[in-house]
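# coords please:
(chains A, B, C and D)
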2 protein chains.
Amino acid sequence: MSERILVVDDDQHIIDLAQMYLEQDGFTVESANDGRAALNKILDDEPALVVLDLMMPELDGWEVCRRVRAQSDVPIIMVTARGEDIDKIVGLELGADDYLAKPFNPRELVARVKAILRRSGIKSSAGSEQKKISIGNLVINPQHRTVIIDDTSIDLRMKEFDLLQTLAENPNIVFSREKLLNVVWGYDFAGETRTVDVHIAHLRHKLERMSPEIETVWGVGYKLVE
Amino acid sequence: MSERILVVDDDQHIIDLAQMYLEQDGFTVESANDGRAALNKILDDEPALVVLDLMMPELDGWEVCRRVRAQSDVPIIMVTARGEDIDKIVGLELGADDYLAKPFNPRELVARVKAILRRSGIKSSAGSEQKKISIGNLVINPQHRTVIIDDTSIDLRMKEFDLLQTLAENPNIVFSREKLLNVVWGYDFAGETRTVDVHIAHLRHKLERMSPEIETVWGVGYKLVE
DNA sequence: AACTGTTTACATCGTTTCATCACATCAGCA
DNA sequence: TGCTGATGTGATGAAACGATGTAAACAGTT
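Next up is the predicted model:
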């Protein structure tokens, strides 16, 4: 039986992205688009954890958090725009358990959800540790953030690693540049999609001896194929 | 009361073609065949806009433009042979408001004239927006450059669309291949008239379900009949 | 300065669009 | 009917366009 996570945001795109990643790790995701709907779902459905956007119509995150806390100890991860007063959010007036700055990397969201659930003593049915990925002669260890090809360790930079991990988690699946920007850079990264190309080029250069290859799907994006 | 446009060119054929299309859209057209006559007309008659060929006997377009600018802010569209130094023309030394490369499509000339007049805040008495064309089960939207037959969108290439639009704007009127080349390809397109036939064939194939038909008028040309 | 990441600039590649050719077919006419 | 020039249309190659690869310039951190 998997934990139910409630994701609350007025932007459906963010919900979709979070949902995709949480479900991939074995969670069940419910969603709400405004504070009032969120409040109802939290009290009625009793999710194991709530991801709550601060800025919302109807009832904002602060108010939802305050009202929930009056009746429940459900863990809450607050999502905030950068620059908002972080101190007030965590552990203080509001009693949120953690926070995440926008734009967030969905993989980081998953990591925090797992961390909080672990801390709360709830045993996640989702494999609580990230597993090694092994494709051909490529071995990725997400815990240590290391990449090994034929027993040789490869030194990757952060973006390169995230990019490779994303592709390797779903081999043979094509990722558009936009999708990669969403996942690796965060959902509202404002820059050029061409940036992806440059990191792909770096990866190809460093991973010359890798047996799975990063293939270009013309007009669409990239995929990793064995 | 319609705007007066002055068209200046040493080739009477170009003037005639431009005049036909501009008048069809509700403008009044005056013309001049050389730079000196142009200068006089501009200063005496004060047209709302000037279409000026760069290459002319007596006074060339550069010189005319320079002298006009000394006394007047009348919008000028410069017509140039391809490959001439565009940057020098628009907004720089010469102060022209727009330019058009030869050979130009008369429909595009009309569009630019309207755009400039709109930008200049002069309200065109010509219906300033292109209207949809609807014949039988055929609907053409020139703004979006879309073609719909029986609620099904048809994907046309640029030349195909221009050709169809030209025929559909004057249903039951026969267009010779030369006329179609003038209007769709530009007035001094040098190629084969048979090129028209090929595009007509493409159109007939794509528009099989269209109720108006493209008819061949033997020895003359094509027309669209309901 | 060293390091990382982003953007820019230009070369290259793949696709689409177009013009022309080649040949088949057709309309008109004797 | 047979002839002739006009038209229909698939095939082909060239050009235009847009996508991608990649080095190098630039910007921000540490």
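# Next up, identify which helix or strand residue A:99 is on.
Following DSSP states H and E, one finds residue A:99 within strand A:98-102.
# do residue A:162 as well
In the assignment (DSSP H and E), residue A:162 maps to helix A:158-169.
# from the chain's centre, how far out does whichever helix or strand comes after that helix sit?
Using DSSP H and E, the helix or strand that follows helix A:158-169 towards the C-terminus is strand A:175-176. Computed by Cα atoms, centre = their mean, to the nearest Å, the chain-centroid distance of strand A:175-176 equals 16 Å.
# thinking again about what came up before, list the buried residues in the strand holding residue A:99.
Within strand A:98-102, the residues scored as buried using 16 or more other Cβ atoms under 10 Å in any protein chain shown are A:98, A:99, A:100, A:102. All C-beta atoms are positioned from the backbone trio N, CA, C, and that covers glycine.
# thinking again about what came up before, taking the mean pLDDT, what do you get for the helix holding residue A:162?
What helix A:158-169 shows for mean pLDDT is 91.
# Please see if that helix touches DNA strand C.
Yes: residues of helix A:158-169 contacting DNA strand C under Cβ under 7 Å from any atom of the strand: A:158, A:159, A:160.
# Who wins on neighbours among those residues?
Within the residues of helix A:158-169 next to DNA strand C, residue A:160 tops the neighbour count with 19 neighbours, counted by other Cβ atoms under 10 Å in any protein chain shown.
# That one reaches residue A:203, doesn't it?
Yes: with contact defined as Cβ atoms under 8 Å, residue A:160 reaches residue A:203; the gap is 5.4 Å.
# before we move on, the earlier item: give the buried residues for the very next helix or strand once past the strand holding residue A:99.
Using DSSP H and E, the helix or strand that follows strand A:98-102 in sequence is helix A:106-119. Using 16+ other Cβ under 10 Å as the test for burial, helix A:106-119 gives A:106, A:107, A:109, A:110, A:112, A:113, A:114, A:116, A:117.
# other SSEs contacting the strand holding residue A:99?
Under the contact criterion of 3 or more Cβ pairs under 8 Å, 6 or more residues apart in numbering or on different chains; DSSP states H and E, strand A:98-102 touches strand A:76-81, helix A:106-119.
# which stretch among the ones you listed comes nearest DNA strand C?
When the helices and strands packed on strand A:98-102 are compared by Cβ to the nearest atom of the strand, helix A:106-119 sits nearest DNA strand C, at 13.9 Å.
# I'd like the average pLDDT over the closest one.
Per-region confidence: helix A:106-119 scores 83 on mean pLDDT.
# How far does that helix sit from its chain's centre?
Worked out by Cα atoms, centre = their mean, helix A:106-119 lies 9 Å from the chain centre.
# got it, and stretch A:67-79?
20 Å.
# For it, measure first residue to last.
Stretch A:67-79 has an end-to-end distance of 17 Å (criterion: Cα to Cα, to the nearest Å).
# Show me what counts as buried in it.
Here stretch A:67-79 shows A:67, A:68, A:74, A:75, A:76, A:77, A:78, A:79 as buried, counting by 16+ other Cβ under 10 Å.
# Residues of chain A that sit close to DNA strand D?
With the criterion set to Cβ under 7 Å from any atom of the strand, chain A comes near DNA strand D through A:177, A:194, A:197-198, A:200-201, A:204-205, A:216-221.
# So which of those reach DNA strand C?
Residues of the residues of chain A next to DNA strand D in contact with DNA strand C (Cβ under 7 Å from any atom of the strand): A:194, A:198, A:218, A:219.
# Could you look up the SS state of the last one?
By that I understand residue A:219. Classification of residue A:219 using DSSP: H, G, I helix; E, B strand; the rest coil returns coil.
# Skip the chain neighbours and tell me the closest residue to residue A:21.
Spatial nearest neighbour of residue A:21, excluding adjacent residues (Cβ to Cβ, 6 or more residues apart in numbering or on different chains): residue A:106 at 4.1 Å.
# same thing with residue A:8?
residue A:38 (4.2 Å).
# got it, and residue A:61?
residue A:54 (3.8 Å).
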